[in-house]
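**Q** Give me coordinates for this.
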Amino acid sequence: MGHNIYEFKFTSEIIVLPSPANEAKDVQFERNIIVSEEDLLLEKKLNSEQRRAYNIILDRVYYDKPGAFFIDGPGGTGKIFLYRALLANIRSKDFIALATASSGVATSILPGGRTAHSCFKISIDIDENFTCNISKQTALATLIQDSKLIVWDEVLMAKKKMIEAFNTLLKDLMNTNILFGGKVVVFGGDFRQTLPVIRSGKKEDFICESLLYSDIWNDLEKLCLSENMRAKEDPAFSRSVSLFVGLLHCVYDD
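**A** This is a model prediction of the structure:
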């Protein structure tokens, strides 16, 4: 009796105190996201491919059906456009929709965007810790449980073990063995642009560490976008792409 805990010289690695204040900020942040009028109007501007994906995903959301999707499309095909339309629809009805991405740059163009590491408390060094550090008894856990939709953009930058840890987290929080806890989860990315970073790794190492080589990959429903909206809306960009493609043909023809 009368001893101070610091007398026992516990290390910070042994004792990790929760941070209710930070957690409360996370929850408050999500619940206070304001949907812009611009984003509410995006639904009317969807092309046929985006519209199909939009309808399929919202059907799962509003009928409380499980759904795990991967949106595949080269840059310029409107993946972010689709995410924003989905997020606006759900948030405008006072439901929770979590918008995350693998990089800070990608989160900056998602309304209410946060990095997946921050939102799901994924260890930075996933090779040492395969779990997401969220207890069932926390407000953040309740927020995730209450969410109608989870978006994870640029998921191909994440190692497959991170996605598997995320899957384990949702199963645990929802108390079910259904993929991603039966949540509606939308992943997106472009194999042509980004893969996980592996120190001193070769091309095959990058690919083997990606979501493509996880058992989860085959269970995802693939929704493809192919129409280049950027080229359609920006003639100058379209001309630049055409010129670049022409130069590539010249190089390879030589």
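**Q** Please tell me how far G181 sits from C132.
**A** To C132, G181 is 12 Å away according to C-beta to C-beta, to the nearest Å. Where C-beta positions appear, they are placed from N, C-alpha and C, glycine not excepted.
**Q** and if you look at I96?
**A** Distance from I96 to C132, counting by C-beta to C-beta: 18 Å.
**Q** And the pLDDT for the closest residue to V155 other than its chain neighbours?
**A** Computed as C-beta to C-beta, 6 or more residues apart in numbering, the closest residue to V155 that is not its neighbour in sequence is F187, at 4.2 Å. In this model, F187 is scored at 98, pLDDT.
**Q** name the element F187 belongs to?
**A** Using DSSP states H and E, F187 sits in strand 184-189.
**Q** Name the surrounding residues that touch that strand.
**A** 57, 60-61, 65-73, 79, 83, 86, 148-157, 163, 170, 211, 220 (C-beta atoms under 8 Å, 6 or more residues apart in numbering).
**Q** Which of the residues you listed fall within strands?
**A** Residues of the contacts of strand 184-189 located in strands (DSSP state E): G67, A68, F69, F70, I71, D72, K148, L149, I150, V151, W152, D153.
**Q** Among those, which one is most surrounded by other residues?
**A** Highest neighbour count within the ones in strands among the contacts of strand 184-189, by other C-beta atoms under 10 Å: V151, with 30 neighbours.
**Q** Does S36 touch P111 like I think?
**A** Yes - S36 lies in contact with P111 (C-beta atoms under 8 Å); the separation is 7.1 Å.
**Q** more crowded one of I96 and C132?
**A** Counted by other C-beta under 10 Å, I96 and C132 do not tie: C132 has more neighbours, with 22 against 19.
**Q** Surely that one and S118 touch.
**A** No - with contact defined as C-beta under 8 Å, C132 does not count as touching S118 (11.2 Å).
**Q** most centrally placed residue in the protein?
**A** Ranked by distance to the mean C-alpha position of the chain (C-alpha atoms, centre = their mean), the top residue is W152 at 0.7 Å.
**Q** which residues does it contact?
**A** When contacts are counted by C-beta under 8 Å, 6+ apart, W152 touches T100, A101, S102, A116, A158, F166, V185, V186, F187, G188.
**Q** Could you do G78 as well?
**A** When contacts are counted by C-beta under 8 Å, 6+ apart, G78 touches N47, Q50, L225, E227, M229.
**Q** Please consider this matter closed, and thank you.
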